[in-house]
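>>> The sequence isn't on hand, but the structure is:
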């Protein structure tokens, strides 16, 4: 896809699943990739996979809900590749399908911190570098749970609705500066994200009747193709879009 060769790209949650697929796809387009993840072994394995195929990548390891790690990821991209062109905020965790009355402070704070605060922190850190270039793209991973209330528990649903708000705010705030921000809303996808569902509980029982509508489970590469498209010049007039990649689940 146009405009990605030699670009500097940060992909979070890139050790597995959608993030790994996106990192590999960007590298195949000639981009230089910062593989950011909490999993050091997984991140280094993706870097080795990219460099072994003739691409360019470096790992940046740590918890992206921590400002120091966000700063390190940003500096890694700038020092390694001379700047930043694309940010993919993909890292996230699932909740336990917990209903609001049963959500603990720990679950709420952890899910919101990783799924929403971390993308905000990284976007804030990267924006000065995109503004310096006068162009750039941010692609966020939202979720089917960003479009409805029946796809996840309270904390996850709120966090992904927040990603929609972050995406649209960034899009309008920085469109005149040449920066586009869009998001994918994946449906059921074979990724590393997991949830430990309780045997009993109001959340799982309430959501159960709705969770059979997702259709075919997608491969992470199908999500990655759309992420790379949204970051490319082929999507030059797309800004503020929340794009379902869900085999029609959102149409049900």
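Great, that's in hand. Bear in mind the structure is a predicted one, so any value in this text is a computation, not a measurement.

>>> residue boundaries of the helices in the stretch 101-250 of the chain?
Using DSSP state H, counting those that start in this stretch, the helices of the stretch 101-250 of the chain run over residues 105-112, 118-133, 154-174, 202-207, 220-231.

>>> mind putting those helices in a markdown table, mean neighbour count, mean pLDDT and distance to residue 16 included?
C-beta here means a position set from N, CA and C on the backbone, and glycine is covered the same way. Below are the helices of the stretch 101-250 of the chain laid out as a markdown table (neighbours: other C-beta atoms under 10 Å; pLDDT from 0 to 100; distance: least, C-beta to C-beta, whole Å):
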| stretch | mean neighbour count | mean pLDDT | distance to residue 16 |
| --- | --- | --- | --- |
| helix 105-112 | 15 | 97 | 19 |
| helix 118-133 | 19 | 98 | 17 |
| helix 154-174 | 20 | 98 | 18 |
| helix 202-207 | 16 | 79 | 25 |
| helix 220-231 | 22 | 97 | 8 |
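
>>> any chance of the ones you listed in a markdown table, with distance to residue 57 too?
Formatted as a markdown table, the helices of the stretch 101-250 of the chain follow (distance: least, C-beta to C-beta, whole Å):
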| stretch | distance to residue 57 |
| --- | --- |
| helix 105-112 | 29 |
| helix 118-133 | 18 |
| helix 154-174 | 25 |
| helix 202-207 | 38 |
| helix 220-231 | 15 |
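
>>> Residue 146 is nearest to which of those?
Closest of the helices of the stretch 101-250 of the chain to residue 146 is helix 154-174, at 3.8 Å (criterion: C-beta to C-beta).

>>> Output the lowest mean pLDDT helix or strand found in the protein.
Using mean pLDDT, DSSP states H and E, helix 202-207 stands out as the lowest-scoring helix or strand of the chain, at a mean of 79.
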